[in-house]
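Participant: Quick check, what structure comes out for this input:
(one chain, ligands or ions: 2)
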Amino acid sequence: NVTNDDILSDATNTSQVVTNGLGTQGQRYSPLTLLNTDNVDKLQPVWAFSLGGEKQRGQQSQPMIKDGVMYITGSYSRVFAVDARTGTKLWQYDARLPDGIMPCCDVINRGVALIDDLVIFGTLDAKLVALNKDTGKVVWRKTVADYKAGYSITAAPLVVNGKLITGVSGGEFGVVGKIEAYNPSNGELLWTRPTIEGHMGYTYKEGKPVEAGISGGEANRSWPGDLWKTGGGAPWLGGFYDPETNLLLFGTGNPAPWNSHLREGDNLYSSSRLALNPDTGEIVWHFQTTPHDGWDFDGVNELVSFNYQEGGKEVKAAATADRNGFFYVLNRTNGDFIRGFPFVDKITWAKGLDDKGRPIYDDNFRPGSPTESGDAGSQVFTAPAFLGGKNWMPMSYSQDTGLFYVPSNEWGMDIWNESTAYKKGAAYLGAGFTIKPLNEEYIGVLRAMDPKTGNEVWRVENPAPLWGGVLSTKGNLVFTGNPEGYLMAFNAQSGDKLWQFNTGSGVIGSPITWEMDGEQYVSVMSGWGGAVPLWGGHVAERVKNFTQGGTLWTFKLPSSAAVSQR
Ligand SMILES: O=C(O)c1cc(C(=O)O)c2c(n1)C(=O)C(=O)c1cc(C(=O)O)[nH]c1-2
Ligand SMILES: [Ca+2]
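Facilitator: Numbers count the residues shown, from 1 in each chain. Ligands and ions are numbered 1, 2, ... in the order given. Modelled structure (predicted):
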């Protein structure tokens, strides 16, 4: 069973991984040193587990491990329990999905939450399902939102002090984003907090709303007319929990529709980071990375808590690398902007950030408004592309180097606006686009970024766009995968590549590491998919020959190598 203490100690307990992010703060850092720069070149596969089935697509799941059992999700809302020693399947659960599911960006799932004897995950038809960890049998199932309106769930839920917290997807269909808390033992709704200004939030007692508050206080002040009613802002990547401030840290996606001329104003709380009280769902602070977004710069990217010393004082900070190309360091106690800087080579749409962290727009790079006679608005070429300087794939923070390891991409896009109107369950964009690479040799760049100075300490370029999560360890290692199929290990200080292994399909999952019987293991999902092959424009051409798949790989040192170094 997984207890609340297990969850709260996950960042330091090396024998388990029971949170998405290797710790509730999402640092993706392991204090393990058995595997290190001296021996990682000997890392070998121990077993590989195939998810089977012709329907498998993008594999973004982060494995979880507890008491020798690994839990992963497959792209089509599936869950697998696997013996961590042998790779033997213990059970499998397949959600029965309706024909009409509408995930915007491929069939994907990013993993499960564990609590007590339950394995809980969200489905592409926007349900939460709780399974018994030993049998895989359904304990409860709950509808979070209406998939026919374009809602889905792709993120891993998280458990915070006895509450199961989830976001939703659907920003490309004009849904209203929301963050919700459930009782993990029976699926009872505890609170709901819409992420678009003007909508009511509720807390529940015995199934009845006992308190209500309008998100943002004054109703819909940063939206024209009725546009807030279909405003998007989906918190589709889930979030993290910072125990030091007792705050949930979530991001919100693009405002709907993409055509910004239809919705003058800041359009709160789209493309923002939100801090919420986990007991009530109240929004404690917000920081909007792209007010009045006109480029699909969803602000969902992970906000990672970290502390650093400055002027003899400890700063409780949080960092995020946004789709819009800027890296932000915020004060996580109140959301104040500390500093921000570009982490990609080319940003055209903004000339920089002001002293509050608000972008200084260059209006030459906002696509024009369509004419009344129906002609498309003027097209612009701008960077980054809508898939972002960085997309969903989570970065890592090393407590040893003090650096963030950021999986990023260099690309731009042609974008233009069109007229559009909301229709339930239909795409609500009002824009067209073609992504184009900025360089011949590479699109992906793994970057080591110093959050105090904005310096890029090292970079590794990759031909295809990077789309997988990053892990760093006290063994001075950084792990990540690429669409070409490799799981790779780098020296955390220098960026030198020390090891790689071809997994047979693109790696867009997030690697984990843990310890069992005195040995250190590394696991990652392999299986190419996600938004790039679907929406990548001219980039999709470069990646069209990558094979799909669905395999969970586990590695360790050969026993002799592990023994000789101890
Ligand atoms: O606004 C939304 O609700 C929403 C949801 C998702 C999703 O759930 O995966 C993506 C996006 N937007 C998105 O803009 C995007 O670029 C994207 C990439 C991916 C992926 O898994 O590769 N998902 C999503
Ligand atoms: Ca989106």
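Participant: Point out where the stretch 151-300 of the chain drops to low pLDDT.
Facilitator: 218-220 (pLDDT under 70).
Participant: how deep is the residue of it at minimum distance from ligand 1 tucked in, by neighbour count?
Facilitator: Going by C-beta to the nearest ligand atom, ligand 1 is nearest to residue 171 of the stretch 151-300 of the chain, at 2.4 Å. Any C-beta I mention is one placed from the backbone N, CA and C, and that applies to glycine too. Residues lying near residue 171 (other C-beta atoms under 10 Å) number 31.
Participant: now do residue 33
Facilitator: 13.
Participant: Could you do residue 560 as well?
Facilitator: Residue 560, neighbours per other C-beta under 10 Å, totals 9.
Participant: for residue 534, same thing?
Facilitator: Quick note: residue 534 (other C-beta under 10 Å) scores 14 neighbours.
Participant: Secondary structure class of it, three-state.
Facilitator: For residue 534, the assignment made with DSSP: H, G, I helix; E, B strand; the rest coil gives helix.
Participant: and the residue lying closest to it once chain neighbours are set aside, what are its phi and psi?
Facilitator: Spatial nearest neighbour of residue 534, excluding adjacent residues (C-beta to C-beta, 6 or more residues apart in numbering): residue 106 at 5.7 Å. Residue 106 adopts backbone torsions of phi 90, psi 160, taken as degrees, to the nearest 10.
Participant: what stretches of this protein score poorly on pLDDT?
Facilitator: 54, 218-220, 561-566.
Participant: What residues does it have near ligand 2?
Facilitator: 171, 253, 254, 298 (C-beta under 5 Å from the ion).
Participant: Serialize the residues you listed to CSV and add fields for distance to residue 69 and secondary structure.
Facilitator: Output for the residues of the chain next to ligand 2, formatted as CSV (distance: C-beta to C-beta, whole Å; DSSP: H, G, I helix; E, B strand; the rest coil):
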residue, distance to residue 69, secondary structure
171, 35, helix
253, 33, coil
254, 37, coil
298, 34, coil
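Participant: Setting the sequence-adjacent residues aside, check what's closest to the residue in the stretch 451-566 of the chain that ligand 2 sits nearest to.
Facilitator: Minimum separation of the stretch 451-566 of the chain from ligand 2 (C-beta to the ion) falls at residue 531, amounting to 9.1 Å. Once flanking residues are discounted, residue 531 sits nearest to residue 105: 3.9 Å by C-beta to C-beta, 6+ apart.
Participant: check contacts around that neighbour.
Facilitator: 154, 530, 531, 534, 535 (C-beta atoms under 8 Å, 6 or more residues apart in numbering).
Participant: which bits of the stretch 201-350 of the chain sit near ligand 1?
Facilitator: 234, 236, 253, 254, 296, 298 (C-beta under 6 Å from any ligand atom).
Participant: what about the second one, how many residues close to it?
Facilitator: By other C-beta under 10 Å, 30 other residues sit near residue 236.
Participant: Kindly report the same for the last one.
Facilitator: For residue 298, the number of neighbouring residues by other C-beta under 10 Å comes to 32.
Participant: Am I right that it is in contact with residue 254?
Facilitator: Yes. Using C-beta atoms under 8 Å, residue 298 is in contact with residue 254, at 4.7 Å.
Participant: so what sits against both of the two?
Facilitator: Common neighbours of residue 298 and residue 254 (C-beta under 8 Å, 6+ apart) are 171, 271.
Participant: Could you give me the ChimeraX syntax to select whichever of the contacts of residue 105 are buried?
Facilitator: Only the buried entries of the contacts of residue 105 go into this ChimeraX selection, using 16 or more other C-beta atoms under 10 Å:
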select :154,530,531,535
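Participant: Mind putting the contacts of residue 105 into a markdown table with distance to residue 246?
Facilitator: What follows is the contacts of residue 105, written out as a markdown table (distance: C-beta to C-beta, whole Å):
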| residue | distance to residue 246 |
| --- | --- |
| 154 | 27 |
| 530 | 33 |
| 531 | 34 |
| 534 | 39 |
| 535 | 38 |
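Participant: what about the helices in the stretch 401-550 of the chain?
Facilitator: Applying DSSP state H, counting those that start in this stretch to the stretch 401-550 of the chain gives helices spanning 531-535, 538-543.
Participant: Direction included, what does whichever helix or strand comes after the longest one pair up with?
Facilitator: Along the chain past helix 538-543, the next helix or strand (assigned with DSSP states H and E) turns out to be strand 551-556. Using DSSP bridges, the neighbouring strands of strand 551-556 in the sheet come out as strand 44-50 (antiparallel), strand 519-526 (antiparallel).
Participant: Need the winner for burial among those strands.
Facilitator: Compared across those, strand 519-526 shows the largest average neighbour count, a mean of 26 (mean count of other C-beta atoms under 10 Å).
Participant: what about that strand, near ligand 1?
Facilitator: No. Applying C-beta under 6 Å from any ligand atom, one finds strand 519-526 separated from ligand 1 by no less than 12.9 Å.
Participant: Give me the distance between that strand and the centre of its chain.
Facilitator: For strand 519-526, the separation from the chain centroid amounts to 20 Å (computed by C-alpha atoms, centre = their mean, to the nearest Å).
Participant: again with stretch 20-31
Facilitator: Worked out by C-alpha atoms, centre = their mean, stretch 20-31 lies 13 Å from the chain centre.
Participant: Output it as CSV, restricted to C-alpha atoms.
Facilitator: Provided in CSV are the C-alpha atoms of stretch 20-31 (Å, rounded to 0.1, in the frame of the first residue of the first chain):
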residue,chain,number,x,y,z
ASN,A,20,4.8,11.8,-11.0
GLY,A,21,8.0,13.9,-11.0
LEU,A,22,10.0,11.8,-8.4
GLY,A,23,8.7,13.9,-5.6
THR,A,24,5.7,16.1,-5.1
GLN,A,25,7.6,19.2,-6.3
GLY,A,26,8.4,17.6,-9.6
GLN,A,27,12.2,18.1,-9.6
ARG,A,28,12.8,14.7,-11.3
TYR,A,29,16.0,14.4,-9.3
SER,A,30,17.3,11.2,-7.6
PRO,A,31,19.8,11.1,-4.8
